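[1] Pasting the sequence and the predicted coordinates here, then a few questions.
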Amino acid sequence: MERICYGVEIEPKFVDVAVKRYIELKGGSTNDVYVIRDGERLTYDEVTPKESTEE
């Protein structure tokens, strides 16, 4: 798709919605979804909270 997004948002929930929509558009692949924080490249899986499977 050859797209790049540089985004800034004060409210994290709005960023979450945009990222999730992008991932859905790409068929669920997070291979090229990452954030650069303090000069370090972090994958989508590294910055998203894991859902607990414990009940």
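    Received it, and whenever you're ready, just let me know what you need. Numbers count the residues shown, from 1 in each chain.
[2] The chain: helices as residue ranges?
    Listed in chain order, the helices of the chain (DSSP state H) span residues 12-25, 44-47.
[3] Of the ones you listed, give the one that comes closest to residue 37.
    helix 44-47 (7.7 Å; C-beta to C-beta). All C-beta atoms are positioned from the backbone trio N, CA, C, and that covers glycine.
[4] Which strands or helices does the closest one pack on?
    strand 34-37 (3 or more C-beta pairs under 8 Å, 6 or more residues apart in numbering; DSSP states H and E).
[5] Strand partners (parallel or antiparallel) of the strand it packs on?
    Looking at strand 34-37 with DSSP bridges, its partner strands are strand 40-43 (antiparallel).
[6] pLDDT weak spots in this structure?
    Under the criterion pLDDT under 70, the flagged ranges of the chain are 1, 51-55.
[7] can we see that at 90?
    Low-confidence segments of the chain (pLDDT under 90): 1-20, 22, 25-26, 29, 31-37, 44-45, 47-55.
[8] Now the helices of the chain in CSV, please, with extra columns for distance to residue 2 and mean neighbour count.
    CSV is the format used below for those (distance: least, C-beta to C-beta, whole Å; neighbours: other C-beta atoms under 10 Å):
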stretch, distance to residue 2, mean neighbour count
helix 12-25, 13, 12
helix 44-47, 18, 12
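[9] Identify whichever of those helices lies nearest to residue 34.
    helix 44-47 (6.3 Å).
[10] gap between that closest one and the chain center?
    7 Å (C-alpha atoms, centre = their mean, to the nearest Å).
[11] What are the contacting residues of that helix?
    With contacts defined as C-beta atoms under 8 Å, 6 or more residues apart in numbering, helix 44-47 is touched by 19, 23, 30, 33-35, 37.
[12] how does it look with 7 Å?
    30, 33-35 (C-beta atoms under 7 Å, 6 or more residues apart in numbering).
[13] List just the nearest of those residues to residue 10.
    Out of the contacts of helix 44-47, the member with the shortest distance to residue 10 (by C-beta to C-beta) is residue 35, at 15.9 Å.
[14] and that closest one, bridged to which residues?
    Beta-bridge partners, per DSSP bridges, of residue 35: residue 42.
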